[in-house]
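>>> have a look at this prediction, sequence included:
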Amino acid sequence: MNFNATNGMEDMEDVSLFDDKLLKEVDFTQCSSTYNPPISPTDPGEDLLMRSLRLSDYDKGFMVLLKQLTVVGDVSREQFEARFNSMLSCKNGYYIVVIEDKTCNLVIGAATLAVEQKFIHECSSRGRVEDVVVDKKYRGRQLGKLLLDYLTLLSRHVGCYKVSLECKDPVVNFYSNFGFVKEEGQNYMCRRF
């Protein structure tokens, strides 16, 4: 479904990019990390809610949060809605998870699992973790770890044969704690436009 304010359809603001039932379906007991104090996707901490990205998150600071990670540019509400609907139409292609602070109705954490369909590995899929960010005021509360653990388990749950990520040198050790390794003989190459 596409957002259209003039056609009398139900309010689309609460449409999720993916079904939040996945938060419960993924067996979080399979993660190798320990949490002290204990948190989980269904209980990320007091007054926090972990869920799928929604259209309404534009107004809850999602784009502002991404600016703590990288260059975002000036993205209008219309651009955001168009991109959201494009991602929504790619069933099982994009899983953007956010953490909302319910006391102030702001998105304070986010991460993306992009699923690429392949012909190799018996028509399997490859997952890529991208855009992991936690608001600087909320860092140190294990939320980045929670997002990464969840997306890693989700990638397996949705049938990915592997999951990868790209990161800068200062955070290689952080991602190594989750079983990500720099593969011998592999190079990440990029051409930017």
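Right, received. Where do you want to start? Numbering: from 1, shown residues only.
>>> start and end of stretch 158-170, how far apart?
30 Å (CA to CA, to the nearest Å).
>>> that one: how far from the chain's middle?
Distance of stretch 158-170 from the chain centroid (CA atoms, centre = their mean, to the nearest Å) equals 12 Å.
>>> that stretch - what's its average pLDDT?
The average pLDDT for stretch 158-170 rounds to 91.
>>> what comes up buried for it?
Buried residues in stretch 158-170, defined by neighbour count with 16 or more other CB atoms under 10 Å: V158, C160, V163, L165, C167. Every C-beta, even on glycine, is put in place using the N, C-alpha and C of the backbone.
>>> quick one: low-confidence ranges for the chain?
1-11 (pLDDT under 70).
>>> which parts of it are strands?
48-52, 94-101, 106-117, 125-134, 160-165 (DSSP state E).
>>> can you tell me which of those is most buried?
Here the criterion is mean neighbour count by mean count of other CB atoms under 10 Å, and of the strands of the chain the winner is strand 94-101, at a mean of 23.
>>> which strands or helices does that one pack on?
Counting by 3 or more CB pairs under 8 Å, 6 or more residues apart in numbering; DSSP states H and E, the packing neighbours recorded for strand 94-101 are strand 48-52, strand 106-117, helix 143-157.
>>> hang on, the earlier thing: ok, which of the strands of the chain comes nearest S76?
S76 lies closest to strand 106-117 among the strands of the chain, at 17.8 Å (CB to CB).
>>> counting contacts, what elements does that closest one pack onto?
Looks like strand 106-117 contacts helix 62-66, strand 94-101, strand 125-134, helix 143-157 (3+ CB pairs under 8 Å, 6+ apart).
>>> I'd like the ones you listed laid out as a markdown table, including distance to V75.
Formatted as a markdown table, the helices and strands packed on strand 106-117 follow (distance: least, CB to CB, whole Å):
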| stretch | distance to V75 |
| --- | --- |
| helix 62-66 | 6 |
| strand 94-101 | 14 |
| strand 125-134 | 14 |
| helix 143-157 | 21 |
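>>> figure out which of those is closest to C190.
The nearest among the helices and strands packed on strand 106-117, by CB to CB, is strand 125-134 at 13.2 Å.
>>> what's the closest one in contact with?
For strand 125-134, contacts defined as CB atoms under 8 Å, 6 or more residues apart in numbering pick out 65-66, 68-70, 96, 99, 108-118, 141, 143-144, 147-148, 151-152, 154-155, 158-166.
>>> may I have the strands that pair with that strand, each with its orientation?
Within its sheet, strand 125-134 is paired with strand 106-117 (antiparallel), strand 160-165 (parallel), according to DSSP bridges.
>>> tabulate these (CSV), appending distance to V172.
Formatted as CSV, these follow (distance: least, CB to CB, whole Å):
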stretch, distance to V172
strand 106-117, 17
strand 160-165, 10
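>>> show me the one of those strands that comes nearest N187.
Nearest to N187 among these is strand 160-165; the distance by CB to CB comes to 12.9 Å.
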